[in-house]
Every structure is written in C-alpha cells, then in structure tokens.
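In: sequence and computational prediction follow.
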Amino acid sequence: MLRSEESWSAEGYTLYLMHARNLLSGVPYADTPYISNPLKTLISPRSYPPGYPLILVPVLTLVGMNIFVIKAVNALLLALTLVTLYLIAHTRMPPGWPIVLVMICGASPAFVGSRDGIMSEAPFMVWCYTALLVAGALRRGYRPTTMATLLVVTIVMAIRTRTAGIALAAAVLIAPIIVRSERKLLPMAAATAAVVIAAAVSRWLHVDGTTYLSYFSRMDLAEAQSWLLGALSAYGTAVSYGIGLEFGYTVNALVLVVLLAAIVFGFLVAIRAQVTEVDVFVIGYLALLVFFPVHLESLRYLLPIFPFLLLYMIKGCQIVVSRFAAPVASQGIVLVFFGCLYTPFYLVHDQMEQPRTHTADASSRQMFDFVRTHMDSDEILLTRKPRLMAFATGYRASIWPKHPTSQSFWASAQDVKAGYLLEERQDASPKTAELGAILTENSPRLKCIFENDKIRIYQITR
C-alpha cells in the first residue's frame, strides 16, 4: 500500500528531512543548504517548525535516510489518528457509529492519498486529537496533575509541528468558558503555558515565523469579498476532493451541497447536546483557513479537521436515516452510501501508481551525480525545486522570483550569487514557460553543461 518513491512535486518533505538531519548531527536547526528567496516566499519559509523533524530523528538514527520507512511512520501516525478519532467519537455518537466513522474516514481518498506522504499533518493530527481528549478529561477532573502536564506537552508539540496549532490552544482556553466549567482554570493555565513554551522553543531554534506573517501583507481589504469567496470555494472543493467525487461537475456540485448541509446539521446537533473543545477547535481552525491568504494546497490544509467534518456529516446522516431504519441497518445504509461515493474515484485513480518523475528515477540520479561530481562545493544553484536539490546534493539552492521578468530574474541570481541554473524540460506548466522565455532571451549568458531527457543544467556566465 506504500509507494516507495517520492515525486519532484512533493519537495516540501525534504526540508523536514534536512532539519531532522541537523538535529541528529548537532548542526544548528535552521542551517540548511536551502536559500529562501524573499520574492518567492510562497514556496516555504526558510525553516519549518521542529515538531515533525523531532519525530523523525529516532527513525534516522535507526535506519538512516530510508524514505520507505519514513513513509511507514507517516502511515502509522495516520492510523493513530484514527484511534484517537474513535475515542473522541465514542463520547459524541451512539454505539456502533464511531467505528462507522473510522471506516469511512480511513477509506476516504483524503486519507488514502496521504498514507505515504512525508508530511507534518499526520503528527499534527495525533498531537491535536490527543490534546482534545486530554483537555476533556481534565475538565471532568480526571487525574488533574497528570492530565495538565500531558496537555501542555501535546499542545506544545502541536504548535511546534504546525503553526496552526494555535487554534488548538485557543480552543482549550475558550471551551471551558463557553460551557461554564467549574474546572476551567487548570486547562486554561495549561494552554497558556504551552503557548509560552512553544514560543520559547521557536526562538531557541531560530524557526522562521515571519514568512507566514508576511503573507498577510498581500491582503487587499478592497478585494475582501472576492478573497473570502475564493477561500470558501477552495475549501468546498477540498471537501469534494477529500470525498473523491467523480460524477461530473453538476452532480458533484449537488452532492457537495447535500454533504455540506449534513455537516452543518450534524454540527448544530452536536453543539446543542454539548459544546466541547473539538467543536471550538474546528471553528477556530476553519477561521484560520478562511482568513489565511494562501489556499494553494487546500485539501492538505483541511486534512487536520477533515475527520471531524466527517463526524458531523455522518452524525447528520445518522439522525436522518435512523428515522426509518433500525440502528444496524442505518449504519449499513451510510456505509453503502459512502462506498458509492468513493468507488468511482478508486476506479479512475490508481493509488499505487508511481509518480512519473520521482527522485530515484534514472534521470534524476544521473543529474544528482553530475552536480555532486562536477560542481564546486561553494556553488549555488537556481531551480524551481530548491529544497529538493539542496537535500539530494548538499549544494546550496534557491529559486527565482514569482512571475519573473528578465530583469528580476537576473537581479535575483546576482543577489544569491548563483552560478548554475536547472531547467525541467518535460514540465509544461506556465511557470516553466515563464522561465523558458527568459532563457531564450538570455541564451548568450547561459552555457548548457548537462542534459538528459528530463533536465538541463546551465552554467551562468558573468
């Protein structure tokens, strides 16, 4: 069920691996060969939060940089997420329904498609869901000292795994106030302490937090309406992708409207019975998604609360179906319904298909070997995949500006003192077309020193 290789397009994982390697070897955490370009910050910050790399350190210690084993760890974390989801649902749904939820969630295209990625969402969900369970137990007065300590640890790890974990801390702070809990001081104190500790860890390791904040500088209040509609459209589409709707645009839209209505209905039923930290977390996290200016990877961003959206969705379906069917029959009907939704997706999309261009194919290996053997160690490479090149070769790598002109491209190359340029020959995307026009216009400044069926490397002449 796990694909052994990783594609070029998923290069973000390499920065996590470089951070983990630094933690293991004692090198400063943020000191990687990846050079962030301030004119193309959407690709990623200079350094990621340390929570996920910290989990990878024992793996690297035991098996080295084994991509397949690291993917297996990701799959294990997703399985642990389903366990914690079951425990949360056990207190929110009638008997039998939590296992239905776990089956539907585990079989969803959102989860199956994420099973062998190297991604921070899986550990983030484990930390968040565990923290939500612990917060509920603490609010009920169960082993206060132990639960408070565990709550601090899980919130710190969630925030230091993904910055969006701040929504978790906010939920733990706010939920006791909403429900007027008599034991609200301890969870609120734990959440506050966790935020302080997480900030201290970030400062200690020099984690780049300013890049995410810089995204907000691009916000234009005059276009707020279209921007919000774009966010809602992106995440509505993400729900459609997560379910795997493959019935054509019109039918997909109709089914999506029904499913979103079931989510809203299930949520209202759930909070009418009892508001919990889970409900506050979902609302807070959704607010972060909607107001965050970047929606490029909407399904990945949505994944941490996707199981809870399914919980509300199935709860809504359960209430409707149970009106005319017995409990066991109702569960069977809902399972068949979601099976019908998923089947067309899996008939169309082969989940075991290897990526067309992956990091271990012959062309990539040939290029990596050339860089390591023919370039001086202090050279800097410009490429559309700088984190991947930095990881695979150990050479410093950066990227050109967003929507480059000939002038901005060469100014950026001069700023980082780049000596080489990598071109992906078989990528027909608009971004590659932009680069192609610049290369054609400036061919006298470029000398091709390597070429195979997928990649060219140019030496930049000064």
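Out: Nice, I can see it.
In: these two touch, right, residue 179 and residue 277?
Out: No - taking contacts as CB atoms under 8 Å, residue 179 lies outside contact range of residue 277: 9.3 Å. Any C-beta I mention is one placed from the backbone N, CA and C, and that applies to glycine too.
In: who's more crowded, these two?
Out: A direct count of neighbours by other CB atoms under 10 Å for residue 179 and residue 277 places residue 277 higher, at 27 against 15.
In: show me what contacts the more buried one?
Out: 132, 135, 136, 139, 171, 172, 175 (CB atoms under 8 Å, 6 or more residues apart in numbering).
In: I'd like those residues laid out as CSV, including neighbour count, pLDDT and secondary structure.
Out: As requested, these are exported to CSV (neighbours: other CB atoms under 10 Å; pLDDT from 0 to 100; DSSP: H, G, I helix; E, B strand; the rest coil):
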residue, neighbour count, pLDDT, secondary structure
132, 26, 96, helix
135, 31, 93, helix
136, 20, 89, helix
139, 21, 84, helix
171, 26, 95, helix
172, 29, 94, helix
175, 25, 89, helix
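In: returning to what we had before: which residues are common contacts for residue 179 and residue 277?
Out: residue 139.
In: right, and the helix or strand after the helix or strand where residue 407 lies?
Out: Here residue 407 is covered by helix 406-416, with elements defined by DSSP states H and E. Using DSSP H and E, the helix or strand that follows helix 406-416 in sequence is strand 420-424.
In: tell me what that following strand is packed against?
Out: strand 380-382, helix 430-441, strand 455-460 (3 or more CB pairs under 8 Å, 6 or more residues apart in numbering; DSSP states H and E).
In: in its sheet, what does it sit against?
Out: Strand 420-424 has these partner strands in its sheet, going by DSSP bridges: strand 380-382 (parallel), strand 455-460 (antiparallel).
In: pick the most buried one from these.
Out: Ranked by mean neighbour count under mean count of other CB atoms under 10 Å, the strands paired with strand 420-424 are led by strand 380-382, which reaches a mean of 23.
In: residue 348 against residue 246, yeah?
Out: Yes - if you go by CB under 8 Å, residue 348 and residue 246 touch, sitting 5.6 Å apart.
In: higher neighbour count, these two?
Out: residue 246 (18 against 9).
In: can you list the domain ranges for the chain.
Out: When the chain is parsed with automatic domain parsing, its domains come out as 49-348, 362-460.
In: please name every helix or strand in contact with the helix holding residue 407.
Out: strand 380-382, helix 430-441.
In: okay if I get the ones you listed as TSV plus distance to residue 262 and mean pLDDT?
Out: Shown next, in TSV, are the helices and strands packed on helix 406-416 (distance: least, CB to CB, whole Å; pLDDT from 0 to 100):
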stretch	distance to residue 262	mean pLDDT
strand 380-382	48	91
helix 430-441	37	72
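In: which of the ones you listed is buried the deepest?
Out: Scoring those by mean count of other CB under 10 Å, the most buried comes out as strand 380-382, with a mean of 23.
In: so what touches that one?
Out: Here strand 380-382 makes contact (CB under 8 Å, 6+ apart) with 35, 371, 375, 389, 393, 395-400, 412-413, 416-422, 457, 460.
In: rewinding a little: where among the domains of the chain is average confidence lowest?
Out: Least confident of the domains of the chain, judged by mean pLDDT, is domain 362-460 with a mean of 84.
In: mind checking how far it is from the chain centre?
Out: In terms of CA atoms, centre = their mean, to the nearest Å, the centre of domain 362-460 is set 27 Å apart from its chain centre.
In: would you put the C-alpha positions of the helix holding residue 407 in PDB?
Out: Only the C-alpha atoms of helix 406-416 are listed here, as PDB (Å, rounded to 0.1, in the frame of the first residue of the first chain):
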ATOM      1  CA  SER A 406      14.300  39.100 -17.300                       C
ATOM      2  CA  GLN A 407      15.400  42.000 -15.100                       C
ATOM      3  CA  SER A 408      14.100  40.500 -11.800                       C
ATOM      4  CA  PHE A 409      15.400  37.000 -12.700                       C
ATOM      5  CA  TRP A 410      19.000  38.200 -13.200                       C
ATOM      6  CA  ALA A 411      18.800  40.600 -10.200                       C
ATOM      7  CA  SER A 412      17.800  37.600  -8.000                       C
ATOM      8  CA  ALA A 413      20.500  35.400  -9.400                       C
ATOM      9  CA  GLN A 414      23.100  38.100  -8.700                       C
ATOM     10  CA  ASP A 415      21.700  38.600  -5.100                       C
ATOM     11  CA  VAL A 416      22.300  34.900  -4.200                       C
END
